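J.: task: produce atomic coordinates for the following.
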Amino acid sequence: MSKAIIVKPDKHDFNYASVDAETAEKLEYFVKSGKAAYRKHEIQFICEMGKILSEARNLLANHKNGTFIKWATAEFDISHQTVWNWVNSWDRILSNGLTIYMNWSPTALYLASAEDFPKPVMKKLEKIPATELVRACDVKRLIEAAKPKPEPEPEEEPS
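T.: Residues are numbered from 1 along each chain as shown. Down below sits the predicted model:
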């Protein structure tokens, strides 16, 4: 699924050629393990915060006038978009089971938690092996592929 892209390193990139091959190999393993742990905990955090915010929203639902958003943005110092990203992720995806989504990027999760997200695309995404990272670009690519192809315009017959 993922293809390596060769990018010219800039001054902030680590040069693995500056260390011996064995050290470079271990460092690359640490990077892979660290990124996997980070993603796992990031999705768990979104899950926990989404559940908390969803329950708070239900508690404040009868207050109207944006009480929930005012409370959430003030107490957690996050934007209203982040609040809805976390709530929608919990309500529409993560509350049904967390393990499938541990390899997803947060942005992929937010895209897939849209109210009008196509169910066939979700089924394809959920089949991606847990060893593969599901990124926003993967979600967008599958959405585009699922869109109906436009009908070719009929050719006019010569008169």
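J.: which stretches in this structure count as helices?
T.: Using DSSP state H, the helices of the chain run over 21-60, 67-76, 80-92, 106-112, 119-126, 136-146.
J.: run the chain-centre distance for the fifth one.
T.: Same thing as helix 119-126. Computed by CA atoms, centre = their mean, to the nearest Å, the chain-centroid distance of helix 119-126 equals 14 Å.
J.: from residue 19, how far out is the most centrally placed residue in the chain?
T.: The centroid of the chain falls nearest to residue 108 when counting by CA atoms, centre = their mean (2.3 Å). Per CB to CB, to the nearest Å, residue 108 is found 33 Å from residue 19. Using the backbone N, CA and C atoms, a C-beta is placed for each residue, glycine as well.
J.: count of neighbours near the nearest residue to residue 122 once chain neighbours are set aside?
T.: Excluding the flanking residues, the one nearest residue 122 by CB to CB, 6 or more residues apart in numbering is residue 112, at 6.2 Å. Using other CB atoms under 10 Å, residue 112 has 24 neighbouring residues.
J.: repeat that for residue 105.
T.: When neighbours are defined as other CB under 10 Å, residue 105 has 18 of them.
J.: and if you look at residue 136?
T.: 16.
J.: do the same with residue 28
T.: Counted with other CB under 10 Å, residue 28 comes out at 11.
J.: wait, it sits on residue 16?
T.: Yes: in this structure, residue 28 is within contact of residue 16 by CB atoms under 8 Å, at 7.2 Å.
J.: and the residue nearest to residue 57 when sequence neighbours are not counted, how close does it get to residue 53?
T.: Leaving aside its sequence neighbours, residue 57 sits nearest to residue 68 (CB to CB, 6+ apart; 4.7 Å). Here the criterion is CB to CB. By it, residue 68 lies 8 Å from residue 53.
J.: looking at these two, which one has more neighbours?
T.: residue 53 (27 against 21).
J.: the more buried one and residue 86 touch, don't they?
T.: Yes: using CB under 8 Å, residue 53 is in contact with residue 86, at 5.6 Å.
J.: related to what we said a few turns ago, for the residue nearest to residue 122, give me its contacts.
T.: Applying CB atoms under 8 Å, 6 or more residues apart in numbering, we find residue 112 in contact with 93, 104, 121-122, 125, 139.
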